[in-house]
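Chemist: Got a predicted structure here, sequence first:
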Amino acid sequence: MSKVIAYAICACCLLGCAPSIPRPYLEAKAAGHRAYSSGRYEQAAEHFHQAAGKADRRKDRDEALYLEASSYLRAGRYREAKTVFEAMVSISPDGLRAARAAHEAAKIEIRHGDAAKGWQMLHAAIVRYPASGLSRAALQRYLQYLDETIGPLRVIDYLDASMDWYRAHDLGERALYEKAKRLERLGRLREAVDTLLICAKDYPYPVGSLRDNALYLASELEERLGRPRQAVAHLRTLLEDREQSLIHGSYERPLYAPAQMRLAVLYRDALAEPDVARKEFRKLFDAFPTSTLRDDALWAEALVARKQKDTEGACAAVSLLVKHIPQSRYAHCATLLCDKAPTPGQAGTCREYIARDIAP
(Lines give C-alpha, C1' and ligand atoms only; values in the text may rest on other atoms or scores of the structure.)
Protein backbone atom coordinates (compact mmCIF):
# COMPACT_ATOMS: atom_id res chain seq x y z
CA MET A 1 0.00 0.00 0.00
CA SER A 2 2.86 2.38 0.84
CA LYS A 3 4.29 1.89 -2.66
CA VAL A 4 0.93 2.76 -4.23
CA ILE A 5 0.76 5.96 -2.19
CA ALA A 6 4.32 6.86 -3.15
CA TYR A 7 3.54 6.34 -6.87
CA ALA A 8 0.40 8.47 -6.53
CA ILE A 9 2.37 11.29 -4.92
CA CYS A 10 4.99 11.14 -7.68
CA ALA A 11 2.28 11.24 -10.36
CA CYS A 12 0.68 14.28 -8.76
CA CYS A 13 4.06 16.03 -8.57
CA LEU A 14 4.73 15.34 -12.25
CA LEU A 15 1.32 16.61 -13.27
CA GLY A 16 1.85 19.68 -11.14
CA CYS A 17 5.09 20.39 -13.03
CA ALA A 18 3.41 20.21 -16.45
CA PRO A 19 3.35 23.57 -18.28
CA SER A 20 0.13 25.56 -18.22
CA ILE A 21 -0.57 26.73 -21.79
CA PRO A 22 -2.97 29.69 -22.07
CA ARG A 23 -6.38 28.72 -23.41
CA PRO A 24 -6.55 31.69 -25.85
CA TYR A 25 -3.30 30.45 -27.40
CA LEU A 26 -4.65 26.93 -27.83
CA GLU A 27 -7.92 28.19 -29.32
CA ALA A 28 -6.22 30.51 -31.81
CA LYS A 29 -3.77 27.79 -32.85
CA ALA A 30 -6.57 25.24 -33.28
CA ALA A 31 -8.48 27.72 -35.44
CA GLY A 32 -5.37 28.18 -37.54
CA HIS A 33 -5.01 24.45 -38.08
CA ARG A 34 -8.68 24.16 -39.09
CA ALA A 35 -8.33 26.97 -41.59
CA TYR A 36 -5.08 25.54 -42.98
CA SER A 37 -6.53 22.07 -43.45
CA SER A 38 -9.49 23.64 -45.28
CA GLY A 39 -7.20 25.50 -47.69
CA ARG A 40 -7.88 28.94 -46.18
CA TYR A 41 -4.20 29.74 -45.80
CA GLU A 42 -4.42 33.52 -45.33
CA GLN A 43 -7.02 33.09 -42.62
CA ALA A 44 -4.83 30.43 -41.03
CA ALA A 45 -1.92 32.87 -40.99
CA GLU A 46 -4.05 35.41 -39.13
CA HIS A 47 -5.06 32.87 -36.49
CA PHE A 48 -1.48 31.71 -36.01
CA HIS A 49 -0.40 35.36 -35.67
CA GLN A 50 -2.98 35.78 -32.92
CA ALA A 51 -1.75 32.62 -31.22
CA ALA A 52 1.81 33.95 -31.23
CA GLY A 53 0.63 37.06 -29.42
CA LYS A 54 -1.09 35.00 -26.74
CA ALA A 55 1.78 32.59 -26.02
CA ASP A 56 3.48 32.67 -22.65
CA ARG A 57 6.47 30.54 -23.62
CA ARG A 58 9.01 31.43 -26.30
CA LYS A 59 8.86 27.98 -27.89
CA ASP A 60 5.07 28.26 -28.30
CA ARG A 61 5.39 31.74 -29.79
CA ASP A 62 8.08 30.57 -32.23
CA GLU A 63 5.96 27.59 -33.28
CA ALA A 64 2.96 29.85 -33.96
CA LEU A 65 5.10 32.30 -35.94
CA TYR A 66 6.54 29.45 -38.00
CA LEU A 67 3.02 28.22 -38.77
CA GLU A 68 2.03 31.76 -39.72
CA ALA A 69 4.93 32.09 -42.16
CA SER A 70 4.27 28.63 -43.61
CA SER A 71 0.62 29.56 -44.17
CA TYR A 72 1.60 32.72 -46.03
CA LEU A 73 4.04 30.68 -48.08
CA ARG A 74 1.33 28.19 -49.02
CA ALA A 75 -0.96 31.11 -49.95
CA GLY A 76 1.68 32.48 -52.32
CA ARG A 77 2.23 35.61 -50.24
CA TYR A 78 5.99 35.32 -50.34
CA ARG A 79 6.86 38.77 -49.04
CA GLU A 80 4.76 38.27 -45.91
CA ALA A 81 6.17 34.77 -45.38
CA LYS A 82 9.75 36.02 -45.68
CA THR A 83 9.03 38.90 -43.28
CA VAL A 84 7.74 36.54 -40.60
CA PHE A 85 10.61 34.07 -41.05
CA GLU A 86 13.13 36.91 -40.69
CA ALA A 87 11.29 38.21 -37.63
CA MET A 88 11.59 34.78 -36.03
CA VAL A 89 15.37 34.79 -36.50
CA SER A 90 15.58 38.32 -35.14
CA ILE A 91 13.56 37.83 -31.96
CA SER A 92 14.57 34.22 -31.26
CA PRO A 93 17.98 33.60 -32.90
CA ASP A 94 18.67 30.48 -30.85
CA GLY A 95 15.11 29.11 -30.93
CA LEU A 96 14.22 25.61 -32.10
CA ARG A 97 12.82 26.95 -35.38
CA ALA A 98 15.45 29.65 -36.01
CA ALA A 99 17.70 27.68 -38.37
CA ARG A 100 14.78 26.53 -40.52
CA ALA A 101 13.34 30.05 -40.57
CA ALA A 102 16.67 31.47 -41.80
CA HIS A 103 16.90 28.85 -44.54
CA GLU A 104 13.28 29.35 -45.60
CA ALA A 105 13.74 33.14 -45.83
CA ALA A 106 16.78 32.63 -48.06
CA LYS A 107 14.93 30.13 -50.24
CA ILE A 108 12.05 32.57 -50.75
CA GLU A 109 14.46 35.35 -51.73
CA ILE A 110 16.21 33.07 -54.24
CA ARG A 111 13.00 31.87 -55.88
CA HIS A 112 10.80 34.94 -55.67
CA GLY A 113 13.03 37.95 -55.13
CA ASP A 114 16.65 38.95 -55.70
CA ALA A 115 18.41 35.63 -56.34
CA ALA A 116 21.93 36.95 -55.69
CA LYS A 117 20.80 38.39 -52.37
CA GLY A 118 19.06 35.13 -51.57
CA TRP A 119 22.26 33.14 -52.05
CA GLN A 120 24.05 35.53 -49.72
CA MET A 121 21.28 34.96 -47.19
CA LEU A 122 21.69 31.19 -47.59
CA HIS A 123 25.42 31.44 -46.97
CA ALA A 124 24.72 33.55 -43.89
CA ALA A 125 22.28 30.90 -42.64
CA ILE A 126 24.92 28.19 -43.13
CA VAL A 127 27.49 30.21 -41.20
CA ARG A 128 25.05 31.13 -38.44
CA TYR A 129 23.63 27.61 -37.99
CA PRO A 130 26.36 25.18 -39.12
CA ALA A 131 25.15 22.39 -36.80
CA SER A 132 21.71 22.32 -38.40
CA GLY A 133 21.06 19.38 -40.68
CA LEU A 134 19.68 21.87 -43.19
CA SER A 135 23.09 23.51 -43.55
CA ARG A 136 24.75 20.40 -44.99
CA ALA A 137 22.39 20.20 -47.93
CA ALA A 138 22.40 23.99 -48.21
CA LEU A 139 26.19 24.04 -48.51
CA GLN A 140 25.95 21.62 -51.43
CA ARG A 141 23.42 23.89 -53.18
CA TYR A 142 25.46 27.01 -52.42
CA LEU A 143 28.58 25.48 -53.95
CA GLN A 144 26.62 24.55 -57.07
CA TYR A 145 25.56 28.19 -57.32
CA LEU A 146 29.21 29.25 -57.01
CA ASP A 147 30.13 26.76 -59.76
CA GLU A 148 27.78 28.61 -62.10
CA THR A 149 28.94 32.09 -61.10
CA ILE A 150 32.68 31.85 -60.44
CA GLY A 151 33.59 28.37 -61.74
CA PRO A 152 34.83 25.19 -60.01
CA LEU A 153 38.48 26.30 -59.83
CA ARG A 154 37.63 29.33 -57.69
CA VAL A 155 35.21 27.20 -55.67
CA ILE A 156 38.14 24.96 -54.76
CA ASP A 157 40.11 28.04 -53.69
CA TYR A 158 37.14 29.15 -51.59
CA LEU A 159 36.88 25.73 -49.94
CA ASP A 160 40.61 25.64 -49.20
CA ALA A 161 40.42 29.08 -47.59
CA SER A 162 37.36 28.10 -45.54
CA MET A 163 38.22 24.48 -44.77
CA ASP A 164 39.46 25.02 -41.22
CA TRP A 165 36.22 26.79 -40.33
CA TYR A 166 34.08 24.11 -41.97
CA ARG A 167 36.00 21.38 -40.15
CA ALA A 168 35.50 23.14 -36.84
CA HIS A 169 31.77 23.60 -37.38
CA ASP A 170 30.37 20.21 -38.39
CA LEU A 171 30.60 20.79 -42.15
CA GLY A 172 34.10 19.54 -42.89
CA GLU A 173 33.01 16.20 -44.35
CA ARG A 174 30.69 17.82 -46.88
CA ALA A 175 33.29 20.47 -47.76
CA LEU A 176 35.99 17.85 -48.41
CA TYR A 177 33.69 15.70 -50.52
CA GLU A 178 32.52 18.66 -52.59
CA LYS A 179 36.12 19.75 -53.13
CA ALA A 180 37.00 16.25 -54.39
CA LYS A 181 34.11 16.26 -56.87
CA ARG A 182 35.34 19.55 -58.34
CA LEU A 183 38.90 18.26 -58.58
CA GLU A 184 37.53 15.29 -60.51
CA ARG A 185 35.62 17.61 -62.82
CA LEU A 186 38.83 19.50 -63.57
CA GLY A 187 40.67 16.26 -64.34
CA ARG A 188 42.87 16.44 -61.24
CA LEU A 189 42.14 12.84 -60.36
CA ARG A 190 45.12 12.13 -58.10
CA GLU A 191 44.30 15.15 -55.95
CA ALA A 192 40.65 14.12 -55.92
CA VAL A 193 41.53 10.65 -54.64
CA ASP A 194 43.76 12.09 -51.92
CA THR A 195 40.97 14.41 -50.79
CA LEU A 196 38.43 11.59 -50.76
CA LEU A 197 40.70 9.41 -48.64
CA ILE A 198 41.18 12.26 -46.16
CA CYS A 199 37.40 12.60 -46.03
CA ALA A 200 36.96 8.88 -45.36
CA LYS A 201 39.74 8.78 -42.75
CA ASP A 202 38.76 11.90 -40.82
CA TYR A 203 35.05 11.03 -40.74
CA PRO A 204 35.02 7.27 -40.06
CA TYR A 205 32.20 4.79 -39.70
CA PRO A 206 29.64 5.05 -38.21
CA VAL A 207 29.49 8.85 -37.87
CA GLY A 208 30.77 9.68 -41.35
CA SER A 209 27.73 10.04 -43.57
CA LEU A 210 29.83 10.38 -46.75
CA ARG A 211 32.55 7.84 -45.97
CA ASP A 212 31.04 5.19 -48.24
CA ASN A 213 30.53 7.68 -51.06
CA ALA A 214 34.11 8.89 -50.70
CA LEU A 215 35.61 5.40 -50.82
CA TYR A 216 33.40 4.29 -53.70
CA LEU A 217 34.26 7.36 -55.78
CA ALA A 218 37.94 6.95 -54.91
CA SER A 219 37.73 3.41 -56.26
CA GLU A 220 36.24 4.65 -59.54
CA LEU A 221 38.95 7.29 -59.92
CA GLU A 222 41.74 4.81 -59.12
CA GLU A 223 40.49 2.62 -61.96
CA ARG A 224 40.55 5.61 -64.31
CA LEU A 225 44.12 6.27 -63.18
CA GLY A 226 45.04 2.69 -64.12
CA ARG A 227 45.39 1.53 -60.51
CA PRO A 228 42.88 -1.34 -60.14
CA ARG A 229 44.60 -2.83 -57.08
CA GLN A 230 44.12 0.43 -55.21
CA ALA A 231 40.53 0.55 -56.45
CA VAL A 232 39.97 -2.89 -54.92
CA ALA A 233 41.61 -1.83 -51.66
CA HIS A 234 39.24 1.12 -51.24
CA LEU A 235 36.22 -1.10 -51.79
CA ARG A 236 37.46 -3.62 -49.26
CA THR A 237 37.93 -0.80 -46.74
CA LEU A 238 34.35 0.26 -47.38
CA LEU A 239 33.02 -3.27 -46.94
CA GLU A 240 35.02 -3.84 -43.74
CA ASP A 241 32.64 -1.40 -42.01
CA ARG A 242 29.64 -3.61 -42.72
CA GLU A 243 28.08 -5.18 -39.63
CA GLN A 244 25.04 -7.27 -38.83
CA SER A 245 22.18 -6.28 -36.56
CA LEU A 246 21.74 -8.87 -33.82
CA ILE A 247 18.14 -8.04 -32.92
CA HIS A 248 15.88 -5.84 -35.06
CA GLY A 249 16.59 -3.35 -37.82
CA SER A 250 19.62 -3.14 -40.06
CA TYR A 251 22.96 -1.37 -40.33
CA GLU A 252 22.99 -1.89 -44.09
CA ARG A 253 24.04 1.10 -46.16
CA PRO A 254 23.09 1.82 -49.78
CA LEU A 255 26.58 1.35 -51.26
CA TYR A 256 27.53 -1.95 -49.63
CA ALA A 257 26.00 -4.22 -52.27
CA PRO A 258 27.11 -2.03 -55.23
CA ALA A 259 30.63 -2.01 -53.75
CA GLN A 260 30.62 -5.82 -53.62
CA MET A 261 29.39 -5.93 -57.23
CA ARG A 262 32.04 -3.47 -58.34
CA LEU A 263 34.71 -5.49 -56.54
CA ALA A 264 33.78 -8.58 -58.55
CA VAL A 265 33.69 -6.62 -61.81
CA LEU A 266 37.17 -5.22 -61.16
CA TYR A 267 38.54 -8.73 -60.65
CA ARG A 268 36.77 -9.88 -63.80
CA ASP A 269 37.73 -7.03 -66.11
CA ALA A 270 40.55 -4.82 -64.86
CA LEU A 271 42.56 -7.53 -63.06
CA ALA A 272 41.62 -10.49 -65.28
CA GLU A 273 41.27 -12.85 -62.31
CA PRO A 274 38.13 -14.81 -63.21
CA ASP A 275 38.31 -17.29 -60.31
CA VAL A 276 38.39 -14.49 -57.74
CA ALA A 277 35.67 -12.66 -59.65
CA ARG A 278 33.38 -15.69 -59.45
CA LYS A 279 33.89 -15.92 -55.69
CA GLU A 280 33.09 -12.23 -55.26
CA PHE A 281 29.95 -12.47 -57.42
CA ARG A 282 28.79 -15.46 -55.35
CA LYS A 283 29.53 -13.56 -52.14
CA LEU A 284 27.08 -10.87 -53.20
CA PHE A 285 24.36 -13.49 -53.58
CA ASP A 286 25.18 -15.19 -50.29
CA ALA A 287 25.89 -12.21 -48.04
CA PHE A 288 23.40 -9.61 -49.28
CA PRO A 289 20.00 -11.31 -49.03
CA THR A 290 17.99 -8.11 -49.58
CA SER A 291 19.99 -6.71 -52.50
CA THR A 292 18.38 -6.31 -55.91
CA LEU A 293 21.78 -7.13 -57.46
CA ARG A 294 21.76 -10.79 -56.41
CA ASP A 295 20.45 -12.09 -59.72
CA ASP A 296 22.86 -9.87 -61.67
CA ALA A 297 25.70 -11.31 -59.62
CA LEU A 298 24.72 -14.94 -60.24
CA TRP A 299 24.25 -14.27 -63.95
CA ALA A 300 27.64 -12.58 -64.13
CA GLU A 301 29.20 -15.54 -62.29
CA ALA A 302 27.64 -17.95 -64.76
CA LEU A 303 28.94 -15.95 -67.73
CA VAL A 304 32.48 -16.02 -66.32
CA ALA A 305 32.22 -19.77 -65.75
CA ARG A 306 30.95 -20.25 -69.31
CA LYS A 307 33.89 -18.24 -70.66
CA GLN A 308 36.21 -20.54 -68.68
CA LYS A 309 34.38 -23.51 -70.25
CA ASP A 310 33.28 -24.60 -66.78
CA THR A 311 29.85 -25.98 -67.59
CA GLU A 312 29.24 -27.31 -64.10
CA GLY A 313 30.06 -23.94 -62.58
CA ALA A 314 27.70 -22.13 -64.94
CA CYS A 315 24.94 -24.64 -64.18
CA ALA A 316 25.41 -24.21 -60.44
CA ALA A 317 25.05 -20.44 -60.69
CA VAL A 318 21.96 -20.35 -62.92
CA SER A 319 20.31 -23.17 -60.96
CA LEU A 320 20.60 -21.06 -57.81
CA LEU A 321 19.21 -18.11 -59.70
CA VAL A 322 16.13 -19.96 -60.92
CA LYS A 323 15.52 -21.61 -57.57
CA HIS A 324 15.85 -18.53 -55.36
CA ILE A 325 14.99 -15.64 -57.71
CA PRO A 326 12.56 -17.12 -60.27
CA GLN A 327 11.10 -13.66 -61.00
CA SER A 328 14.47 -12.46 -62.31
CA ARG A 329 14.72 -11.33 -65.92
CA TYR A 330 17.52 -13.90 -66.33
CA ALA A 331 15.52 -16.90 -65.09
CA HIS A 332 14.02 -17.77 -68.48
CA CYS A 333 17.48 -17.50 -70.06
CA ALA A 334 19.12 -20.06 -67.77
CA THR A 335 18.97 -22.88 -70.32
CA LEU A 336 21.07 -20.78 -72.70
CA LEU A 337 23.98 -21.26 -70.33
CA CYS A 338 23.10 -24.70 -68.97
CA ASP A 339 21.04 -27.31 -70.82
CA LYS A 340 19.99 -28.99 -67.57
CA ALA A 341 19.06 -25.82 -65.73
CA PRO A 342 15.60 -25.82 -64.11
CA THR A 343 12.87 -23.66 -65.57
CA PRO A 344 10.98 -21.05 -63.55
CA GLY A 345 7.42 -21.85 -62.55
CA GLN A 346 5.74 -18.90 -64.26
CA ALA A 347 5.37 -18.67 -68.02
CA GLY A 348 7.69 -16.44 -69.99
CA THR A 349 10.51 -16.30 -72.51
CA CYS A 350 14.07 -15.10 -72.50
CA ARG A 351 14.35 -11.46 -73.50
CA GLU A 352 16.03 -10.96 -76.85
CA TYR A 353 18.56 -8.44 -75.58
CA ILE A 354 19.84 -10.94 -72.99
CA ALA A 355 20.03 -13.79 -75.47
CA ARG A 356 21.79 -11.53 -77.96
CA ASP A 357 24.46 -10.56 -75.45
CA ILE A 358 25.40 -14.16 -74.69
CA ALA A 359 25.27 -15.46 -78.26
CA PRO A 360 28.53 -17.15 -79.33
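Modeler: Thanks, I have it. Quick caveat: nothing in here was measured; it's all calculated off a predicted structure.

Chemist: For stretch 62-80, buried residues please.
Modeler: Buried residues in stretch 62-80, counted by 16 or more other C-beta atoms under 10 Å: 62-73, 75, 77-78, 80. (Glycine included, C-beta is placed from N, CA and C.)

Chemist: tell me which element A31 falls in.
Modeler: Assigned by DSSP states H and E, A31 falls within helix 23-37.

Chemist: Of the buried residues of stretch 62-80, which belong to helices?
Modeler: 62-73, 78, 80 (DSSP state H).

Chemist: can I get these in JSON lines with distance to D269 and pLDDT?
Modeler: Formatted as JSON lines, those follow (distance: C-beta to C-beta, whole Å; pLDDT from 0 to 100):
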{"residue": "D62", "distance to D269": "57", "pLDDT": "97"}
{"residue": "E63", "distance to D269": "56", "pLDDT": "97"}
{"residue": "A64", "distance to D269": "60", "pLDDT": "98"}
{"residue": "L65", "distance to D269": "58", "pLDDT": "98"}
{"residue": "Y66", "distance to D269": "54", "pLDDT": "98"}
{"residue": "L67", "distance to D269": "56", "pLDDT": "98"}
{"residue": "E68", "distance to D269": "59", "pLDDT": "98"}
{"residue": "A69", "distance to D269": "55", "pLDDT": "98"}
{"residue": "S70", "distance to D269": "52", "pLDDT": "98"}
{"residue": "S71", "distance to D269": "57", "pLDDT": "98"}
{"residue": "Y72", "distance to D269": "57", "pLDDT": "98"}
{"residue": "L73", "distance to D269": "51", "pLDDT": "98"}
{"residue": "Y78", "distance to D269": "53", "pLDDT": "98"}
{"residue": "E80", "distance to D269": "59", "pLDDT": "98"}
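
Chemist: buried residues in stretch 26-37?
Modeler: Buried residues in stretch 26-37, defined by neighbour count with 16+ other C-beta under 10 Å: 28-29, 31-32, 35-36.

Chemist: And stretch 187-195, by the same measure?
Modeler: For stretch 187-195, by 16+ other C-beta under 10 Å, it's 188-189, 192-193, 195.

Chemist: on that earlier part again, closest to G113 out of the buried residues of stretch 62-80?
Modeler: Y78 (7.4 Å; C-beta to C-beta).

Chemist: any idea how far I108 is from the closest one?
Modeler: 5 Å (C-beta to C-beta, to the nearest Å).

Chemist: Give me the phi and psi angles of S90.
Modeler: Phi and psi for S90, reported as degrees, to the nearest 10, are phi -70, psi -50.

Chemist: low-confidence ranges in the stretch 51-200 of the chain?
Modeler: Nowhere does the stretch 51-200 of the chain drop to pLDDT under 70.

Chemist: Thanks a lot, catch you later.
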